[in-house]
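*Asks:* Next come a sequence and a model predicted from it.
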Amino acid sequence: MPPFKLTDLQPFTQLRHDLHRQPELSGKESETAERIAAFLQPYRPDQLIQGLGGTGVAAIFQGVVPEGPVVLFRAELDALPIAESSGALYKSERNGIGHLCGHDGHMAILAALGSMLHQQKMKRGKVVLLFQPAEETGAGAWDVLQDERFGRHIKPDYVFALHNLPGMPLHQVVMRQEVFAAASTGMVIELFGKSSHAAEPEKGLNPGQAMAELILSFNRIISKKEQFEDLTLLTVIHARLGEVAFGTNPGYATVMATLRSYSPEDLQKLKHLAQQAAAEVAAKHQVRHELRFVEEFPATVNLAEAVELVRRAAGKLSLEVQEAEQPFRWSEDFGHFTHLYKGALFGLGSGESQPQLHHADFDFPDELIPTGAALFYQIASDILNE
């Protein structure tokens, strides 16, 4: 076992609770980043990079011999725009914002790993603890990778991340080669007609029929499952026609949807079909349309070599390992990292009775902090202490 004592757990539990009380939304995690940087200082990282990709923090711990592979572990800084309903004593103090995905726990795991690396250095190479901004919007990983300091000071050989998994036994390690989490993107379609007085609708061009027909067209596309190779979803998540004004015949409408697939090829096909449908409906109803994609997440694809490193580390720690038969439907911007570097995203069971991710009463179990930290440490040790 790595040199980590249960008596050391309290500071990391307290850190998680403090983070939980003061959540911040994607791209606005400046206070969270400052708290993390201050917490890590006593563990004397060889280098601490702040403001990475926006608000990101990277703590670099060199081995006894600095030359060697670079192993990166990632946690997420951001919370969700969801009001918390748990009865925790450390419940969110910010209205409508909560750490309801467990990112507070993931950060505590990386902080605990920092303490372990301080207690006992790796023999060679470097370990990078990356606290990444804006995972929930899909922007953070991309922004970090575009920061020139990432390529200059970090440039990993291996990348790893974990995500807690409600509904799975506590401490169980869930793995999968190839696609682990789906690709997805948000789609926004705006329809422009011409407003008029509600008493004179003939003098305007109401895009309401186009909006309704567009939603039905999307439903028809996704109902033809035989045209896709694997799971492919299109979910309309918002639609609006004009404003609430009974004297006005509206001239504007918007439709928003989430497109999701295990396969990048299927996602591209779905995007093409949706764009085609929007153009046809707009032309039929003589309204102008604009379409854009937002919050794009690539599929997170795990490399077999990296998965085997996780499996071997879990075995050394006597942790139960479960192979996932199907990829997870949710998306993770960690796919930007695994697209460029050898790596894997894996799950850590957070309890069979735990509320699901993004639910108002979700709360990360503190018992996972030492498990996640020990597992990360063992992965690093297997690479850098050989």
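*Replies:* Here it is on my side, so go on. Numbers count the residues shown, from 1 in each chain.
*Asks:* When you work out contacts or count neighbours from here on, use the C-alpha atoms and nothing else.
*Replies:* Fine.
*Asks:* buried set for stretch 335-346?
*Replies:* The neighbour-count check on stretch 335-346 (16 or more other CA atoms under 10 Å) flags Gly335, His336, Phe337, Thr338, Tyr341, Lys342, Gly343, Ala344, Leu345, Phe346 as buried.
*Asks:* just checking, the first one touches Val301?
*Replies:* Going back to what we said before, that points to Gly335. Yes: between Gly335 and Val301 there is a contact under CA atoms under 8 Å: 6.4 Å.
*Asks:* Pick the one among the buried residues of stretch 335-346 closest to Lys155.
*Replies:* Relative to Lys155, the closest of those is Tyr341; by CA to CA it sits at 8.9 Å.
*Asks:* and the gap between the closest one and Ala299?
*Replies:* In this view, Tyr341 and Ala299 are 14 Å apart by CA to CA, to the nearest Å.
*Asks:* So the chain: which segments form each domain?
*Replies:* With domains defined by automatic domain parsing, the chain comprises 6-180+299-384, 183-296.
*Asks:* so which of those domains is the most packed in?
*Replies:* domain 6-180+299-384 (a mean of 20; mean count of other CA atoms under 10 Å).
*Asks:* Run the chain-centre distance for that domain.
*Replies:* 11 Å (CA atoms, centre = their mean, to the nearest Å).
*Asks:* average pLDDT across that domain?
*Replies:* What domain 6-180+299-384 shows for mean pLDDT is 97.
*Asks:* about what we covered before: list the ones among the buried residues of stretch 335-346 that fall in strands.
*Replies:* Judged by DSSP state E, the subset of the buried residues of stretch 335-346 located in strands is Lys342, Gly343, Ala344, Leu345, Phe346.
*Asks:* Out of the residues you listed, which is nearest to Glu135?
*Replies:* Nearest to Glu135 among these is Leu345, at 13.7 Å by CA to CA.
*Asks:* which ones are touching the nearest residue to that closest one once chain neighbours are set aside?
*Replies:* Spatial nearest neighbour of Leu345, chain neighbours left out: Ala161 (4.9 Å); criterion: CA to CA, 6 or more residues apart in numbering. Shown in contact with Ala161 (CA atoms under 8 Å, 6 or more residues apart in numbering): Phe73, Arg74, Ala75, Phe334, Ala344, Leu345, Phe346.
*Asks:* Secondary structure element holding the first one?
*Replies:* What it means is Phe73. strand 65-76 (DSSP states H and E).
*Asks:* and Gly114, how far is that from Glu29?
*Replies:* If you go by CA to CA, the gap between Gly114 and Glu29 works out to 20 Å.
*Asks:* what's the answer for Glu135, then?
*Replies:* Taking CA to CA, one finds Glu135 at 11 Å from Glu29.
*Asks:* Quick check: neighbours shared by these two?
*Replies:* Counting by CA under 8 Å, 6+ apart, the common neighbours of Glu135 and Glu29 are Leu77, Asp78.
*Asks:* any idea of the mean pLDDT for the helix of greatest length in the chain?
*Replies:* Ranked by number of residues, the top helix in the chain under DSSP state H is helix 264-284. Averaging pLDDT along helix 264-284 yields 97.
*Asks:* Give me the next element, helix or strand, following that helix.
*Replies:* strand 288-297.
*Asks:* Within its sheet, name the partner strands of that following strand and how each one runs.
*Replies:* Neighbouring strands of strand 288-297 in its sheet, by DSSP bridges, are strand 183-192 (antiparallel).
*Asks:* how big is the angle separating the strand it pairs with from helix 264-284?
*Replies:* 10 degrees (axes from the mean of the first three to the mean of the last three CA atoms, to 10 degrees).
*Asks:* Would you mind writing the CA trace of stretch 65-78 as PDB?
*Replies:* Written as PDB, here are the backbone C-alpha positions of stretch 65-78 (Å, rounded to 0.1, in the frame of the first residue of the first chain):
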ATOM      1  CA  VAL A  65      15.400  11.800 -10.900                       C
ATOM      2  CA  PRO A  66      13.400  14.400 -12.900                       C
ATOM      3  CA  GLU A  67      14.000  12.700 -16.200                       C
ATOM      4  CA  GLY A  68      11.400  10.100 -17.100                       C
ATOM      5  CA  PRO A  69       7.700   9.800 -18.100                       C
ATOM      6  CA  VAL A  70       5.200  12.500 -17.200                       C
ATOM      7  CA  VAL A  71       1.900  11.100 -15.600                       C
ATOM      8  CA  LEU A  72      -1.000  13.500 -15.400                       C
ATOM      9  CA  PHE A  73      -4.100  13.000 -13.100                       C
ATOM     10  CA  ARG A  74      -7.100  15.300 -13.600                       C
ATOM     11  CA  ALA A  75      -9.900  16.600 -11.400                       C
ATOM     12  CA  GLU A  76     -12.500  19.200 -12.200                       C
ATOM     13  CA  LEU A  77     -13.100  22.600 -10.500                       C
ATOM     14  CA  ASP A  78     -16.600  23.500 -11.500                       C
END
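*Asks:* do you know how far Ala283 is from Pro250?
*Replies:* For Ala283, the distance to Pro250 - CA to CA - is 18 Å.
*Asks:* Correction: the previous question concerned Asp143.
*Replies:* From Asp143 to Pro250 the distance is 38 Å (CA to CA).
*Asks:* Just to be sure, Val127 is in a helix?
*Replies:* No: secondary structure of Val127 (DSSP: H, G, I helix; E, B strand; the rest coil): strand, not part of a helix.
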